[in-house]
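Peer 1: sequence plus predicted model, see below.
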Amino acid sequence: MTAYNSGGAPAVLDTTSDCANHHFMVDFLKKSTKGCEFASVQGYRKYQEDRVTCDIDIRLPLFGNLLPDAEKDVKSEAKVDLLAVFDGHGGSEASQMAKQDLLDYFLVHVIAGALKKSSNFDNQDVLSTAEAVEKHYSAGSTASVVLLLNDEELMVSNVGDSKVILCAGYAEELTSDHHPDRDDERARIESVGGYVLDWDIPRVNGILAVSRAIGDVSLKRYGVIAEPEMVGWRNITVKDRYLVVASDGIFESLTPENVCQLIEDANVQENVNPFDKVPFLPSYSLAHYIVKTALEKGSTDNLSVIVVPLAQAASDQTMLPDAEKDVKSEAKVDLLAVFDGHGGSEASEMAKQNLLDYFLVHVIAGCFKHCSRMVMYKRWDRGREAVEKHYSAGSTASVVLLLNDEELMVANVGDSKVILCAGYAEELTSDHHPDRDDERARIESVGGYVLDWDIPRVNGILAVSRAIGDVSLKRYGVIAEPEMVGWRNITVKDRYLVVASDGIFESLTPENVCQLIEDANVQENVNPYDKVPFLPSYSLAHYIVKTALEKGSTDNLSVIVVPLAQAASDQTMVGKDEL
């Protein structure tokens, strides 16, 4: 019998003899939520090719039409959680493609009427090879996808050798590995002219250690397929305590039983501060614990794991700090940002993608209140990346850091705005326009000039004097250095925080924006969903965007509206919108 869980054999055979380097990445800090802990580390591999998706608490009103008749009168929406681990090999292109396409595919194909009726979820575009063929991907990826419906049922789709496990006092594997020596897999491979060669482990044509994969275009003709095996709708019982989705790197050194036992052990340590149980990271979680243990026991592959507490386990609250402590053991942080691109979306997308990573790496690493001003201040331009990619596009950026709903910090580049509505409009940012005296002086001091065509522009081109990207104008004084508003206390008068792109202010003033919010809140005895019949998912943010459009704004429009403590108690409609 072949021992797949030992030896650290790579999915694609590599005969190079590079020395193993331990790159212990902090990817696992990204996007962990209360209902979905996950960890992902590079381990001893040269590259990180795993990708993880944790889309929790998707609310879908359309599902009412798909529910049994008896439930239609009481359920107007369904709660859906979409979890996935993609274990890439030969590069990250295929796993990244699958991750990016998964939610789009789910929303387009499943919500459109086939969720409860179809047993072939995830059996088309997201796991097909059309894009891989078009882009000549030699890389490949496994995929283990779980769909949770209303915390009551789940469906599993699997390609390759990642695993889905239910911990219910024992380990129940919901997936079956697709290895080429499995009788049915071998038969398919050999029927189309492929073969299974056992080097370190059985491989398709001596190359690939899995018999099903996304991508791996060159091996499709030899029987490597992307068709997933399914576990249809399965009820979640009170015995099902945790759901685990993990890449095969976890199982180089751990068995499914080991994984469930680790979770159980962590939950039965009585009278111990959970942050002391496994002194791994300040942001401790079961997922981190599993990854750390797998590494310590010898796993050399990329390692990714998602851990979701099911209803029974969630009620234990064993992993939470003592609620009666007199001091705060954690801080509640909200990170809000609007990036208004121009000349293309590359710069705004780059800034959006990098912001949370940069914040987590530098702030959580030990100096929150003391160095977060420095973090908000530095390296926004990521000029090296922009130069290397020759970005002609640019972006403004308005970023707000909220701490414990008590204080805020603002950093601004360009002409988006941050506003506090407190019975009046308080602007916390100042626009960076090239005719502002200090901005003009800097531009002219390095050989640039300000030309007033329709509006003042740097060298007759750019309407803002500070921007992320816009590489060609850096030499002429366009900088990405943000202006800051240091820690400011939030008072009981501060009712709403607004972050908006300049398109909103083509037709509205900051005072108009705050007045719109106020007007929406003083309509007595009116269902808030009827106040402004704009979108089914009505919010103050939508209302502001709609009004700006009606009054003549022609630019892209994005706005975030956050109720502060006093306003939150009003139960008004809030949200974000962009057009």
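Peer 2: Arrived safely, thanks for sending.

Peer 1: can you pull out the strands in the stretch 401-550 of the chain?
Peer 2: Ranges of strands in the stretch 401-550 of the chain, per DSSP state E, counting those that start in this stretch, are 407-413, 417-421, 425-427, 450-452, 456-458, 468-469, 483-489, 496-500.

Peer 1: so which of those is the most packed in?
Peer 2: Among the strands of the stretch 401-550 of the chain, strand 468-469 has the highest mean neighbour count (mean count of other C-beta atoms under 10 Å), at a mean of 30. In short, each C-beta sits where N, CA and C put it, glycine included.

Peer 1: other SSEs contacting it?
Peer 2: Strand 468-469 makes packing contacts with helix 346-363, strand 394-403 when contacts are defined by 3 or more C-beta pairs under 8 Å, 6 or more residues apart in numbering; DSSP states H and E.

Peer 1: least confident of those, on average?
Peer 2: Mean pLDDT is lowest for helix 346-363 out of the helices and strands packed on strand 468-469, coming in at a mean of 54.

Peer 1: would you mind giving the strands of the stretch 401-550 of the chain as TSV with distance to Asp519 and mean pLDDT added?
Peer 2: Below are the strands of the stretch 401-550 of the chain laid out as TSV (distance: least, C-beta to C-beta, whole Å; pLDDT from 0 to 100):
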stretch	distance to Asp519	mean pLDDT
strand 407-413	25	84
strand 417-421	12	93
strand 425-427	14	96
strand 450-452	36	93
strand 456-458	34	95
strand 468-469	35	78
strand 483-489	26	84
strand 496-500	13	90
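
Peer 1: dump those into CSV; add distance to Ser247 as well.
Peer 2: Formatted as CSV, the strands of the stretch 401-550 of the chain follow (distance: least, C-beta to C-beta, whole Å):
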stretch, distance to Ser247
strand 407-413, 36
strand 417-421, 40
strand 425-427, 48
strand 450-452, 54
strand 456-458, 48
strand 468-469, 34
strand 483-489, 41
strand 496-500, 37
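
Peer 1: which of these sits closest to Ile207?
Peer 2: Ile207 lies closest to strand 468-469 among the strands of the stretch 401-550 of the chain, at 41.1 Å (C-beta to C-beta).

Peer 1: right, and the strands of the stretch 401-550 of the chain - which one's nearest Ser304?
Peer 2: Nearest of the strands of the stretch 401-550 of the chain to Ser304, taken as C-beta to C-beta: strand 468-469 at 30.3 Å.

Peer 1: and Ile504, how many neighbours does it have?
Peer 2: A total of 29 residues lie near Ile504 under the criterion other C-beta atoms under 10 Å.

Peer 1: quick revisit: to Gln261, which of the strands of the stretch 401-550 of the chain lies closest?
Peer 2: Shortest distance between Gln261 and those, using C-beta to C-beta, is found for strand 407-413: 42.6 Å.

Peer 1: tell me which strands that closest one pairs with, and in which orientation.
Peer 2: Note on strand 407-413: by DSSP bridges, its sheet partners are strand 394-403 (antiparallel), strand 483-489 (antiparallel).

Peer 1: and the angle from it to strand 496-500?
Peer 2: For strand 407-413 against strand 496-500, the angle by axes from the mean of the first three to the mean of the last three C-alpha atoms, to 10 degrees is 20 degrees.

Peer 1: quick one on the thing from earlier: for Asp216, which of the strands paired with strand 407-413 is the nearest?
Peer 2: Relative to Asp216, the nearest member of the strands paired with strand 407-413 by C-beta to C-beta is strand 394-403, separated by 36.4 Å.

Peer 1: send over the closest one as CSV, restricted to the C-alpha atoms.
Peer 2: This file holds the C-alpha atoms of strand 394-403, laid out as CSV (Å, rounded to 0.1, in the frame of the first residue of the first chain):
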residue,chain,number,x,y,z
GLY,A,394,-3.5,56.3,-10.9
SER,A,395,-5.7,56.4,-7.9
THR,A,396,-6.7,58.6,-5.0
ALA,A,397,-7.1,57.0,-1.5
SER,A,398,-9.1,58.0,1.5
VAL,A,399,-8.6,55.5,4.4
VAL,A,400,-10.1,55.5,7.9
LEU,A,401,-9.1,53.4,10.8
LEU,A,402,-11.7,53.1,13.6
LEU,A,403,-10.6,51.8,16.9
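
Peer 1: if we can go back for a sec, relative to Tyr543, which of the strands paired with strand 407-413 is closest?
Peer 2: Closest approach to Tyr543 among those is made by strand 394-403 (20.0 Å; C-beta to C-beta).

Peer 1: where does pLDDT dip in the stretch 1-150 of the chain?
Peer 2: The stretch 1-150 of the chain contains residues with pLDDT under 70 at 1-37, 41, 43-44, 54-82, 94, 97-98, 101-138.

Peer 1: repeat the analysis, applying 80 as the threshold.
Peer 2: Applying pLDDT under 80 to the stretch 1-150 of the chain flags the ranges 1-45, 47-139, 149-150.

Peer 1: same question, the stretch 451-579 of the chain
Peer 2: 468-469, 486, 521-539, 565-579.

Peer 1: cool, the stretch 251-400 of the chain as well?
Peer 2: Ranges of the stretch 251-400 of the chain meeting pLDDT under 80: 267-285, 311-393.

Peer 1: follow-up on the earlier one: so which of the strands of the stretch 401-550 of the chain is nearest Val224?
Peer 2: Val224 lies closest, by C-beta to C-beta, to one member of the strands of the stretch 401-550 of the chain: strand 468-469, at 40.6 Å.

Peer 1: what domains does the record give for the protein?
Peer 2: Split into domains by automatic domain parsing, the chain comes to 27-314, 326-399+430-484.

Peer 1: my guess is Val210 contacts Glu185. True?
Peer 2: No. Applying C-beta atoms under 8 Å as the test, Val210 and Glu185 come out as separate, 9.0 Å apart.

Peer 1: how about the helices in the stretch 451-579 of the chain?
Peer 2: Along the stretch 451-579 of the chain, counting by DSSP state H, counting those that start in this stretch, helices occupy 510-521, 528-531, 540-550, 565-568.

Peer 1: buried deepest among the ones you listed, which one?
Peer 2: helix 540-550 (a mean of 21).

Peer 1: that helix vs helix 510-521, what angle?
Peer 2: Here the directions of helix 540-550 and helix 510-521 differ by 120 degrees (the same axes, to 10 degrees).

Peer 1: give me the nearest residue to Arg442, chain neighbours excluded.
Peer 2: Gly477 (4.9 Å; C-beta to C-beta, 6 or more residues apart in numbering).
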